[in-house]
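Novice: Okay, predicted coordinates and the sequence, questions at the end:
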Amino acid sequence: MSALKVSVVIPALNEEATVGGVVEACLRSRCVSQAGEVLVIDSDSTDATAKHAAAAGARVCNWREVSPQPTRPGKGEALWRGVRAARGDVVVFIDADVTSVQPEWVDALAAPFADPNIHLVKAAYRRELNGGPGGGRVTELTAKPLLRMLFPQLNHITQPLAGEYAIRRSTALGVPFVAGYGVEVGLLIDVASLHGPTSISEAHLSARRHRNRPLTQLAPMAEVVAATILQRAEVGNSEVPQRQAWNETIE
């Protein structure tokens, strides 16, 4: 990995309570401390997210600064702009609300790119719910069943919706980004389609803890995830808003 520079991209919207700790943990990773960066993409937060992220040592960009194109709501938009702003060869995504981030997460996600055939690395971990087992409800009830039926070649991926993953920046610049919470599974399917399922690896990390959402918020997320998988499988008439690949975008 010594020849590859790593950019950690943290999408953030009103995460002042946790973003500083996430930034500090990522900065302590070996690959970032040697020749990398931590970049927070702030999606117009109305709290002190940007202030806390900068104080912790991140390079903070408001998502409007990255591109003059009008912003769209959704996590995928922040990730899409983060790829554009990143300076590294490998982009590691870490969610801003995770309270269990360890510096080793970044190193583990970046390490497989020593193999030039690897294009995407997904985190594999136990997802906790309110301090115990049972997290990842949309993953288990929506994403995995649909992937098993429509994309069985991806059955080896433990956490298809994991917010912690890494991608070659050159690969990321060549694929579309779904605007909302379907971004992770969209990238998973698209990278497998372009480079084959063996181009996707996993990194085994310690347990993930974050702010668990109520079912009322999970239902819309599940709908977007399902629509993304169905659209990629060309089943029905599902449509998902997405940004075209940066390599195809003319500003």
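Specialist: In hand now; what should we look at?
Novice: OK, contacts around the nearest residue to Trp246 once chain neighbours are set aside?
Specialist: Leaving aside its chain neighbours, Trp246 sits nearest to Leu173 (4.4 Å; criterion: Cβ to Cβ, 6 or more residues apart in numbering). For the C-beta atoms, the positions are set from N, CA and C on the backbone; glycine is no exception. Each residue near Leu173 by Cβ atoms under 8 Å, 6 or more residues apart in numbering is listed here: 83-84, 245-247.
Novice: so where is this structure shaky, pLDDT-wise?
Specialist: Low-confidence segments of the chain (pLDDT under 70): 1-2, 128-135, 210-215, 250-251.
Novice: show me where it has helices.
Specialist: Secondary structure of the chain by DSSP state H: the helices cover 19-27, 30-35, 49-56, 63-66, 75-85, 103-110, 137-138, 144-150, 169-172, 183-195, 215-232.
Novice: Centroid-wise, who is the farthest residue in the protein?
Specialist: No residue in the chain sits farther from the centre than Gly236, which is 26.7 Å out by Cα atoms, centre = their mean.
Novice: before we move on, could you check phi and psi at that residue?
Specialist: Phi and psi for Gly236, reported as degrees, to the nearest 10, are phi 70, psi -150.
Novice: Glu234 now?
Specialist: phi 60, psi 40.
Novice: what about it, how many residues close to it?
Specialist: By other Cβ atoms under 10 Å, 9 other residues sit near Glu234.
Novice: Same question for Thr71.
Specialist: Neighbours of Thr71 (other Cβ under 10 Å): 15.
Novice: Was I right to think it contacts Arg64?
Specialist: Yes. Contact criterion Cβ atoms under 8 Å: Thr71 and Arg64 qualify, at 6.1 Å.
Novice: Beta-bridge partners for the closest residue to Leu109 other than its chain neighbours, please?
Specialist: Leaving aside its chain neighbours, Leu109 sits nearest to Ala166 (4.1 Å; criterion: Cβ to Cβ, 6+ apart). When assigned by DSSP bridges, Ala166 has beta-bridge partners Val92, Val121.
Novice: Contact partners for Ala166?
Specialist: 90-93, 109-110, 113, 120-121, 203.
Novice: Mind doing that once more with 10 Å?
Specialist: Counting by Cβ atoms under 10 Å, 6 or more residues apart in numbering, Ala166 touches 6-9, 88, 90-94, 105-106, 108-113, 118-123, 172, 201, 203.
Novice: gap between it and Pro112?
Specialist: With distances taken as Cβ to Cβ, to the nearest Å, Ala166 is found 8 Å from Pro112.
Novice: anything in contact with each of the two?
Specialist: 90, 118-121, 201, 203.
Novice: Which residues are in contact with each of Thr71 and Arg64?
Specialist: Common neighbours of Thr71 and Arg64, counting by Cβ under 10 Å, 6+ apart, are 43-44, 81.
Novice: For ChimeraX, write a command that selects the buried ones of those.
Specialist: The ChimeraX selection below is limited to those of the shared contacts of Thr71 and Arg64 classed as buried (16 or more other Cβ atoms under 10 Å):
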select :43,81
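Novice: Which single one of the shared contacts of Thr71 and Arg64 is nearest to Thr99?
Specialist: Ser43 (19.9 Å; Cβ to Cβ).
Novice: I'd guessed Glu112 sits against Ser201; true?
Specialist: Just so we're on the same page, residue 112 is Pro rather than Glu. Yes. Using Cβ atoms under 10 Å, Pro112 makes contact with Ser201 at a distance of 4.5 Å.
Novice: what sits in contact with each of those two?
Specialist: Residues touching both Pro112 and Ser201 (Cβ under 10 Å, 6+ apart) are 118-121, 166.
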